[in-house]
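*Asks:* Sequence first, then the predicted structure:
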Amino acid sequence: MQTMILTAALDDRGEVNSVTSRIGLNAEAKVFSSDTDLFNLIATQVQDGSLHCVLVDEAQFLSEQQVWALAKATDELGVPVLCYGLRTDFQGKLFPGSAALLAIADSLREIRTICWCGSKAIMVLRLDADGNAIEQGAQVEIGGNDKYISLCRPHWSARMSEPKNEN
């Protein structure tokens, strides 16, 4: 079966037009931006008979309209769409794409991350170069383990209220 893999143009950490896992697996992907018409992109390949499934990585970067376009692709074209991404940002606020997915997804399956204490990690902490928690800033700042850590809510709250190191 042919799968279309989509990833956000905003995520420029790896190769363009590819998705790479943390363990090094890599696959070719189409890049979407905020103005990409996902329904038409999917419909074109469905009409060619060369598409059976869509996988979206970094789904938090979808717009609300794009989430609805993916739902339309499922409803009208019969193409299953699987989306993977973060629910909230470093301040505990929903990303627009995540909010829309939470509202209209046919089903949700949470991939669990574990805090250093062993509890379920549901929050993401953004760090500065000195390891301090960042409380303010743009919702989107691309980074990996160098800028973000996953924590349970109590440890996230504690880190957000710590005094900052001035190194």
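*Replies:* That came through, no problem.

*Asks:* Can you pull out the low-pLDDT segments for this structure?
*Replies:* Where the chain drops to pLDDT under 70, the residues are 10-27, 138-146, 164-167.

*Asks:* domains in it, as residue ranges please.
*Replies:* 1-111, 112-167 (automatic domain parsing).

*Asks:* And for residue 137, the neighbour number?
*Replies:* Neighbour count for residue 137, taken as other C-beta atoms under 10 Å: 12. Glycine gets a C-beta too; all of them are placed from N, C-alpha and C.

*Asks:* Name the surrounding residues that touch stretch 89-106.
*Replies:* 59-64, 66-68, 71, 74, 83, 85-88, 108, 123-126, 134-135, 137, 139-140, 148, 156 (C-beta atoms under 8 Å, 6 or more residues apart in numbering).

*Asks:* quick one, longest helix in the chain?
*Replies:* Assignment by DSSP state H gives helix 64-77 as the longest helix of the chain.

*Asks:* what's the burial count for the closest residue to residue 71 other than its chain neighbours?
*Replies:* Leaving aside its sequence neighbours, residue 71 sits nearest to residue 104 (C-beta to C-beta, 6 or more residues apart in numbering; 5.7 Å). Using other C-beta under 10 Å, residue 104 is surrounded by 12 other residues.

*Asks:* Going forward, count from 602.
*Replies:* Taking 602 as the first residue, the last one we looked at is residue 705.

*Asks:* just to revisit the earlier point, most tightly packed of the domains of the chain?
*Replies:* Across those, averaging neighbours per residue (mean count of other C-beta atoms under 10 Å) puts domain 602-712 on top, at a mean of 16.

*Asks:* Good, we can wrap up now.
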